[in-house]
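Student: Next one to model:
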Amino acid sequence: MLVIVVENAPPRLRGRLAIWLLEIRPGVYVGDYSIRVREYVWKQVEDGIGEGNAVMIWSARTESGFDFLTLGKNRRIPCEMDGVKLVSFLPLEPEKKGEAQN
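Tutor: Numbers count the residues shown, from 1 in each chain. Here you go, the predicted structure:
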């Protein structure tokens, strides 16, 4: 199983992903491919994501049963603890001096 989720992705990349994967929700693509095809599709994401961000999740023989990669700016970042891949959150960016609060 392969899942790719993109946010703020250019239409061209979304179209390319739709060639290989089924878009079950906006920006959420699902399929079942070999490692070779998965790596090829991820390369397309890396080349086309622009200012957006993406995560790719696939079935793997790990303790959790899956593995994942992330790309682009996002508060969630992967981290490994005792051989298990988890997600850590970066702190919110502080407001700059002089900016009005809404």
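Student: can you give me the strands in this protein?
Tutor: For the chain, applying DSSP state E gives strands covering 2-7, 22-25, 28-31, 53-59, 66-71, 76-81, 84-89.
Student: got TSV for those, with mean neighbour count, distance to Glu46 and mean pLDDT too?
Tutor: Any C-beta I mention is one placed from the backbone N, CA and C, and that applies to glycine too. Shown next, in TSV, are the strands of the chain (neighbours: other Cβ atoms under 10 Å; distance: least, Cβ to Cβ, whole Å; pLDDT from 0 to 100):
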stretch	mean neighbour count	distance to Glu46	mean pLDDT
strand 2-7	20	12	96
strand 22-25	11	19	97
strand 28-31	17	15	98
strand 53-59	18	8	94
strand 66-71	15	6	89
strand 76-81	10	16	70
strand 84-89	12	19	68
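Student: what bridges to the residue nearest the centre of the chain?
Tutor: Nearest to the mean C-alpha position of the chain, counting by Cα atoms, centre = their mean, stands Val55 at 1.1 Å. Going by DSSP bridges, Val55 is paired in beta bridges with Val5, Thr70.
Student: right, and it touches Leu2 too?
Tutor: No. The pair Val55 / Leu2 is not scored as a contact, 11.6 Å apart, by Cβ atoms under 8 Å.
Student: Phi and psi next, for Ala9.
Tutor: With angles defined as degrees, to the nearest 10, Ala9 sits at phi -90, psi 140.
Student: got a list of what Gly27 touches?
Tutor: Val5, Val6, Glu7, Ala9, Arg14 (Cβ atoms under 8 Å, 6 or more residues apart in numbering).
Student: got TSV for the residues you listed, with distance to Lys73 too?
Tutor: Output for the contacts of Gly27, formatted as TSV (distance: Cβ to Cβ, whole Å):
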residue	distance to Lys73
Val5	15
Val6	13
Glu7	10
Ala9	13
Arg14	18
